[in-house]
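Enquirer: Just a sequence and a predicted model for now, questions to come.
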Amino acid sequence: MDTKTDRSSLTGSEAQKPLVKIDNLFAGYDESLILKDVSMEVPDNKVVALLGRNGVGKTTLLNTIMGLVPTSSGTIEFDEQSIQDMLVDKRAHLGIGYVPQGRDIFPGLTVWENLEVGLKAGNVGKADRLDEVFELFPVLKEMLKRKGGVLSGGQQQQLSIARALLLNPKLLILDEPTEGIQPSIIDQIEDAIFAIKEKHNVSIILVEQYIDFAKNASDFFYILERGSVVESGPISRLDDELTAKYLMV
Ligand SMILES: Nc1ncnc2c1ncn2[C@@H]1O[C@H](COP(=O)(O)OP(=O)(O)O)[C@@H](O)[C@H]1O
Ligand SMILES: [Mg+2]
């Protein structure tokens, strides 16, 4: 089998265009090219785990999809449009919701004001969306008047995911949503991701260090090493051998 085709086409069928299609992407920072010839697909309504050890380029890839890091060459198609030269705002408007690593809520604004940022930027069914978000993260409803900065790390992460969901994204990008969060809240965040996957017509790119969770939550995986995709496929293919080779520290 032609491994190159195998890597860039997860489903092996051209029948349905994937929501995201990245081809031969090169990108990085001023002096250092980080991503080298990355090709990747995210099918409609599926969760794709983006895995790899620290420093391999996962966040850089997410930032490049979002437009925060410029594309040097290659293409990024989203919903059948070429987006690699679009500004960040325009990509967000097309339906890419980004929950960056380390969460980026506004600490000086209240929970409600943080959510309003999502509501104002989003474009559909606001009340419905709010109800859904409070169902996913009931704690936020109890804390609407608190400043974002006084919430626990886990609560801030929930707020950050909630705000991204209020944009009604077609693609939700989650960069290590459970990083540095206490176990009880990790379970809630995991449950929320399962619920989002069940209820919403949304695709998810999930960067996650907890391999078991990534396996449970995802349909497909990609492994990066030194800025290139070294393995990919249906999540059932992610066995102990691959985990030991590319993911164990
Ligand atoms: N803003 C930046 N400027 C220059 N180099 C960066 C920047 N951010 C990350 N890098 C470098 O890019 C590489 C990939 O980092 P990153 O994408 O954050 O990896 P990961 O998310 O997989 O841990 C690392 O070598 C890192 O030092
Ligand atoms: Mg990272």
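Expert: In hand now; what should we look at? Ligands and ions are numbered 1, 2, ... in the order given.
Enquirer: tell me what the strand or helix carrying residue 74 is packed against?
Expert: Following DSSP states H and E, one finds residue 74 within strand 71-78. For strand 71-78, the packing partners by 3 or more C-beta pairs under 8 Å, 6 or more residues apart in numbering; DSSP states H and E come out as strand 20-28, strand 33-42, helix 58-66. Yep, even glycine has a C-beta here, placed from its N, CA and C like the rest.
Enquirer: Test for you: state the pLDDT assigned to residue 124.
Expert: The model reports residue 124 with a pLDDT of 56.
Enquirer: coming back round to it: any idea of the mean pLDDT in the helix or strand just after the strand holding residue 74?
Expert: Using DSSP H and E, the helix or strand that follows strand 71-78 towards the C-terminus is strand 81-82. Across strand 81-82, pLDDT averages out at 96.
Enquirer: Describe which strands the strand holding residue 74 pairs with in its sheet and in which direction.
Expert: In the sheet containing strand 71-78, the strands it pairs with under DSSP bridges are strand 20-28 (antiparallel), strand 81-82 (antiparallel).
Enquirer: Kindly state which of these is positioned closest to ligand 2.
Expert: Each of the strands paired with strand 71-78 was scored for nearness to ligand 2 using C-beta to the ion, and the closest is strand 20-28 (14.1 Å).
Enquirer: orientation of the closest one relative to strand 33-42 in degrees?
Expert: Compare the direction of strand 20-28 with that of strand 33-42 by axes from the mean of the first three to the mean of the last three C-alpha atoms, to 10 degrees and you get 180 degrees.
Enquirer: Check the offset of strand 20-28 from the chain's centre.
Expert: Going by C-alpha atoms, centre = their mean, to the nearest Å, the spacing between the C-alpha centre of strand 20-28 and its chain's C-alpha centre is 16 Å.
Enquirer: swap in stretch 60-76?
Expert: Going by C-alpha atoms, centre = their mean, where stretch 60-76 is centred and where its chain is centred differ by 14 Å.
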